[in-house]
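Visitor: turn this into a model:
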Amino acid sequence: MEAPWFPRVIAHHPYIILLVVFTFSSICLIIPLTTKRFPDFSDPQMGFEARGTVLAQRLTAWKHLIEASKPRGELTDNPLEYQQYIRESTQQSNANMKNHSLPTQGILRKKPKDKNKRKGKKHKKVLNNTDYIESSDEEKDTWKELLELKDRHNTDIEDEKTQEKDNLDSDNFFCNLPSSAYARVVITVESENKNLNLWSMDGILAQCHIDGVLRGNVHFPSLCQTKIERNGVESHKCCRSWSPANYVALLSNRSSCLGVTENDLSRVKTLLQKCAKYYHDRQLLPNCAEDFNCQKHVPVECYMRNAVYHLLHYLLDVNFIPSSDKEKTDLNSKRNSTLHSAMLFLPIAASSATLDFYKEIDNDDLVYGNFRVQGMQLGLKSILFDRLLLSDSSLVLGGFIFVTLCIWAYTGSIVVTTATIFAVVFSLGISYAMYTLVLDIEFFPFMNVLAIVVAVGIGADDAFIYCKIWESKKQKKLSNGGLVRMVQETMKHAFPSMFVTSLTTAVAFFASIVSNVTAINCFSLFSGMTVIANFFLMVTWLPACVVVSEHFKLSTLSPVNFITRKIIRPLRSLGDKVTVGFTTFLTGLVLRLRWFWLLSLGIIAIACASVVFHYPGLQLPDYMDFQLFHDEHPFERYDLVYSRRFWFERYEMVGGDGELLPLRFVFGIKPVDNGDYLNPTKRGILDWDETFDISSPMSQRWLEQFCQNLRRQPFYHHTIGPMLSNCFIEPLRNWMKRRCKDPVDSHIDYAPCCESSKFPYAPDVLEQCAAEASVRLHRTPYLWIQDNPPYAGPKFVKEPLFAQAPNDTLAIKARPKIKALVVEYDSTYAYSLSFGNMDKFFQEVESWMQNQLRTAPKGMRGGWFISHLEFYELQRTLYQGTIWAIGLSLTLALIVLALVTLNPLISLYAIIAIGAVIIVTVAVLILLGWTLNILESVAISTTIGLAVDFSLHYAVSYKACTSEKKIDRVKTALQQMGGPTLMAAITSGAAGALMLPSHVLAYIQIGIFLLLVMTISWIYATLFLCSMLAIIGPSSRFAQFEYPRLKILSICFSKYEDGGAVETDKDNNRARKTYKGRGMLSESTLSTSSSVCQFHCSELETLAARPPSPSLPPSPLSTLLR
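Guide: A predicted model of the protein is given here:
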């Protein structure tokens, strides 16, 4: 009977195997790196969004509608003006062509007036009539934009030249107005429990001192905004910083904050308390000093120099001068009379240009008495993250080196160690090639870097297992079959364990694809393919390297062999003794205290399940930005803590803290996302609802009734003022009641858009009159300027002119066509980062909307509801996706293990242990304060993948043992797997510990996660699962099923039976001839040569001293295939 071909190829031709695998892996690593764009982590938050869910598709469709409503989009709100613009542009173009000259200037449409937009997401603020302020090395261009910031809050849009001239306030005290485009720091008291107050003389001096320290930075003069004199000449003097101390000096006619007195503080505070109600009622506007309408409602002292507004809006925390509802009790009034934190704006742009400025800042200098700087916003967060990501990678490299040293110490072979490291790198390379070339996924999120942890952990684990089994076969002196038999027997015992762990780990990662978050989906795919690639290398690359390692040990005169005999072998002998003692101790510890371990660890798992599923439970994030640094970093302190203490930051968040949530109902657009869900930059295109028809009489009546029902709902908030576009059908009816003849000029006829048309209107009348009403609306700017474009109302398609008359001057007017419709009102719900509040809002409005659509005519049934729900959808998707991933991965792992072992009890016990590992790990993370954000969700997915390894190793080893007694089977499993699993846990856990000193939160959390998951996984696999098997584990035949038809496959690993001795000898002769001249030893020399692995269990040492057994014990695979 011939030997299996694969072990013979590895034993006889290892270098060919190495060359083929090395070439293939190198090609997979090089091609994508040279042909594809290198991963860009400049925006680590990219991909942190839900895709594919019902609500996520609506949000995508809404973004498409916003883009389509822009000047270059497919839709317009004013079709008649658009047609006039096209007609005039065409006539001008034709005139220029007739004159045979290039059109140097045409009749261009006047640039649409910008709306006074409320800010979008933080750090993406829009300046008035300017572009986004981005990082730039040209400070002069940056300051030209900053000089225009004074009138950024004006509702009336002014000419740009006027803005450039109006850059100084009346007293030339400040160069400009405070804005979130400037760099800023937060000054706080060291302890809010103490009777400390920034609104005191000590607080004023602290502000002046800290401002002076920051302005004394060597890089400040080159970055600061300089003053412009009244004659327009730019001076070289830096502008004054905006701080409460400087504003008190301004209101008290002091030249400096150092001249402020106690009386000045008391007088200004009284002024703030008097004017605060006007600010909180939205009557005190940022430009009240120039707005006559505002001045009618606000006392003159409250808007003088706009100082009160700037103090309350930008510089003082929200609790210092509370709104009127907070002043009802003396307790609140007394508590809020203390200023705990104040903002200081520096006259430098918040951009990457401040990096050197930040590096020169010494936090110890930003202290004055009991006051210090706690938070900063310099516009550097992403840039600094990129820098630290590279600099702190040395910690990751240190962990990698530690893992390498551990592998070397365990195997005693530099060849095997190098091979294992190459296997980790090659597995990542093969996975990256499959990811980018085969699957053609262009987006590579930052979270995919976590796959390195997976590759290192699984690669080292499999290497330890293979070397352990290789050494055990050498200790049994398998000299009858030579090297081929060694390879075959090692693979026969190692293959089932590595196959089961790799398959279940890959399945656990692939199960996370049920999540709808792009970054998690990409991570799941990449990590699952990394595990599969690692298994491929562990059954080809690693066995060949072990064979080559034996070749290197044959040269007895080599320096390496001398070092081995004189240094390493004595150390290895000591290690063997330690290993024997440890194995004996571990076996006794588990078996003697098995009831204690089972009950105590089981109770802990149950308690942790209560923590995870009951209280406090998986906590959802309550902040929108992805945290990049540790909690004490000044950038994170600003974003997580202090940004919510100032009104301007609250308003500039998406939706605005306290801003009423809009009720938006969209018709005419299908709520679909036809883009690439694995690429956040590919969102597809707008998909029209061809069934939409607002012009039919039934649709008109239903829309009118819909708006009336909406205003009767408890979630509707009454809005004062004209709302022509909110629900256009009702204002249109009132507008259509006008007389058909103009009362001033009787020659003007308004038909059919007049009282002669009756509701419901004919389709052509409705669309024509809605277009004319839109013209009147746009001619009255204060009626249609809103905070969030696109504003509500009908959306007309931009259709070209159909034809032109023979004189080439007149065109046939195209009939306006309503392509989409937006109905929008305010709700009674305020925007919140709380999942519970937002979920209540969405469920209430969504259920009402679905009830309304049941009675809608065919042309209106495609409507849907949307609002500021991006963060809510991310929270909901993270929670549901994580729970589903845990449940699905455990189910699939149970199925895989049951199919491989064919023993439901062993499979069930292993899954219980794996589930306990996941539950306990997640519970500890919850108690450590982790919230379920993207990184934490990915960490849980990684926990699922890494938690299965140790438990499955013990389960497969227990299953492979043929002993009838449960105690003996557990003892064998502990002796075989106790050492390798402990070594794998130590290497990965210690590598995680080395990452804890990092400044990058991702590295810190990865380190904590590795420490926890490795410790908990080993404890529950060794103490809990083995104790469970020792108490209630099945015997060798109990509940054991078989594969009768696959039994023949066992022949692949059973060549060496009694009748195959002749073939064995022939094969041995071939082996001797093949390696003659290469230094290959005889079988007897091989059996007594130095071992590849260092540590051995006590039972294996005992077996090594016994005579060789006449036959080998049954292999795990042959047992599985019976």
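Visitor: number of nearby residues for Phe536?
Guide: Residues contacting Phe536 under the criterion other C-beta atoms under 10 Å number 18. Heads up, the C-betas are built off the backbone N, CA and C, glycines and all.
Visitor: if you could redo that for Pro32, that was the one I meant.
Guide: Counted with other C-beta under 10 Å, residues neighbouring Pro32 total 19.
Visitor: quick one: it from Asp440, how far?
Guide: Pro32 is 11 Å from Asp440, where distance means C-beta to C-beta, to the nearest Å.
Visitor: with Val416 instead?
Guide: From Val416 across to Asp440, the span is 36 Å (C-beta to C-beta).
Visitor: of these two, who's got more company?
Guide: Neighbours of Val416 and Asp440, each counted by other C-beta under 10 Å, are more numerous for Val416; the result is 24 against 10.
Visitor: so the more buried one, which of the three states?
Guide: At Val416 the chain is in helix, as set by DSSP: H, G, I helix; E, B strand; the rest coil.
Visitor: what sits against it?
Guide: By C-beta atoms under 8 Å, 6 or more residues apart in numbering, the residues touching Val416 are Ile407, Ala463, Cys467, Leu542, Cys545, Val546, Ser549, Val1092.
Visitor: just the strands in this protein please.
Guide: In the chain, the segments counted as strands under DSSP state E are 75-76, 182-189, 226-228, 234-238, 341-349, 367-368, 371-377, 660-667, 716-717, 793-797, 818-830, 864-866.
Visitor: relative to Ala985, which of those strands is closest?
Guide: Checking these against Ala985 by C-beta to C-beta gives strand 371-377 as the closest, at 39.3 Å.
Visitor: who does that closest one pair up with?
Guide: Sheet pairing here is set by DSSP bridges, and for strand 371-377 it gives strand 182-189 (antiparallel), strand 367-368 (antiparallel).
Visitor: ok and the first one relative to strand 341-349, angle-wise?
Guide: Strand 182-189 and strand 341-349 are oriented at 160 degrees to each other (axes from the mean of the first three to the mean of the last three C-alpha atoms, to 10 degrees).
Visitor: and the contacts of strand 182-189?
Guide: Contacts of strand 182-189 (C-beta under 8 Å, 6+ apart): 146, 196-198, 206-207, 210, 214, 242, 340-350, 354, 366, 370-379, 634, 637-638, 642, 645.
Visitor: with stretch 874-886 instead?
Guide: Residues outside stretch 874-886 that contact it (C-beta under 8 Å, 6+ apart): 48-50, 53, 55-56, 511-512, 514-517, 520, 618, 620-621, 835, 838-839, 918, 932-934, 937, 940-941, 944.
Visitor: out of those residues, which end up buried?
Guide: 48-50, 53, 55-56, 511-512, 514-517, 520, 618, 620-621, 835, 838, 918, 932-934, 937, 940-941, 944 (16 or more other C-beta atoms under 10 Å).
Visitor: for the chain, which helix is longest?
Guide: Among all segments of the chain classified by DSSP state H, the helix with the greatest residue count is helix 870-901.
Visitor: mean confidence for it?
Guide: Helix 870-901 shows a mean pLDDT of 85.
Visitor: what pLDDT is listed against the residue of the chain most remote from its centre?
Guide: Farthest-out residue of the chain from its mean C-alpha position, per C-alpha atoms, centre = their mean: Ser746, at 65.2 Å. As predicted, Ser746 sits at a pLDDT of 75.
Visitor: ok, now how distant is it from Cys753?
Guide: Noted for Ser746: a distance of 17 Å to Cys753, by C-beta to C-beta.
Visitor: pLDDT weak spots in the stretch 201-350 of the chain?
Guide: 229-235, 323-336 (pLDDT under 70).
Visitor: make it 80
Guide: In the predicted model, the stretch 201-350 of the chain carries pLDDT under 80 at residues 228-236, 289-291, 322-337.
Visitor: quick one: closest of the strands of the chain to Ser1036.
Guide: Smallest distance to Ser1036 across the strands of the chain (C-beta to C-beta): 61.0 Å, for strand 864-866.
Visitor: mean confidence for that closest one?
Guide: Mean pLDDT, computed over strand 864-866, is 95.
Visitor: which of the strands of the chain has the lowest mean pLDDT?
Guide: Of all the strands of the chain, strand 234-238 has the smallest average pLDDT, which comes to a mean of 77.
Visitor: still on that earlier bit, redo the contacts of Val416 as JSON lines? Include distance to Val308.
Guide: Shown next, in JSON lines, are the contacts of Val416 (distance: C-beta to C-beta, whole Å):
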{"residue": "Ile407", "distance to Val308": "68"}
{"residue": "Ala463", "distance to Val308": "70"}
{"residue": "Cys467", "distance to Val308": "75"}
{"residue": "Leu542", "distance to Val308": "73"}
{"residue": "Cys545", "distance to Val308": "76"}
{"residue": "Val546", "distance to Val308": "79"}
{"residue": "Ser549", "distance to Val308": "79"}
{"residue": "Val1092", "distance to Val308": "79"}
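Visitor: quick one: which of those residues is nearest Ser1035?
Guide: Taking C-beta to C-beta as the measure, Ser1035 sits nearest to Cys467 out of these, at 30.5 Å.
Visitor: count the neighbours of that closest one for me.
Guide: Using other C-beta under 10 Å, Cys467 has 29 neighbouring residues.
Visitor: how close does it get to Ser413?
Guide: 8 Å.
Visitor: hang on, the earlier thing: Leu589 is nearest to which of the strands of the chain?
Guide: Evaluated over the strands of the chain, closeness to Leu589 peaks at strand 371-377, with 49.0 Å, by C-beta to C-beta.
Visitor: what comes into contact with that closest one?
Guide: Taking C-beta under 8 Å, 6+ apart as the rule, strand 371-377 contacts 183-190, 196, 198, 202-203, 206, 210, 341, 350, 358, 363, 366-367, 634-635, 637-639, 641-643.
Visitor: of the residues you listed, buried ones?
Guide: Neighbour counting with 16+ other C-beta under 10 Å marks 183-189, 196, 198, 203, 206, 210, 341, 350, 358, 366-367, 634-635, 637-639, 641-643 as buried within those.
Visitor: quick check: mean pLDDT of stretch 15-24?
Guide: 93.
Visitor: got the buried residues for it?
Guide: By neighbour count on 16+ other C-beta under 10 Å, the buried set for stretch 15-24 is Ile17, Leu18, Val21, Phe24.
Visitor: and the nearest residue to the last one once chain neighbours are set aside, what does it touch?
Guide: So that's Phe24. Spatial nearest neighbour of Phe24, excluding adjacent residues (C-beta to C-beta, 6 or more residues apart in numbering): Ile430 at 7.9 Å. Residues in contact with Ile430 (C-beta under 8 Å, 6+ apart) are Phe24, Ser25, Cys28, Leu29, Met529, Ala533, Phe536.
Visitor: ok, those residues vs Arg387, which is closest?
Guide: Out of the contacts of Ile430, the member with the shortest distance to Arg387 (by C-beta to C-beta) is Leu29, at 26.4 Å.
Visitor: how far off centre is stretch 352-365?
Guide: Between the centre of stretch 352-365 and the centre of its chain there are 28 Å (C-alpha atoms, centre = their mean, to the nearest Å).
Visitor: do the same with stretch 28-47
Guide: In terms of C-alpha atoms, centre = their mean, the centre of stretch 28-47 is found 17 Å from the chain centre.
Visitor: for it, give the mean pLDDT please.
Guide: Mean pLDDT, computed over stretch 28-47, is 84.
Visitor: how is this structure carved up into domains?
Guide: 4-35+385-549+567-621+875-1032, 179-323+336-378, 661-800+813-867 (the TED database).
Visitor: turn these into a markdown table, including distance to Asp43.
Guide: Listed next are those as a markdown table, based on distance: least, C-beta to C-beta, whole Å:
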| stretch | distance to Asp43 |
| --- | --- |
| domain 4-35+385-549+567-621+875-1032 | 9 |
| domain 179-323+336-378 | 14 |
| domain 661-800+813-867 | 9 |
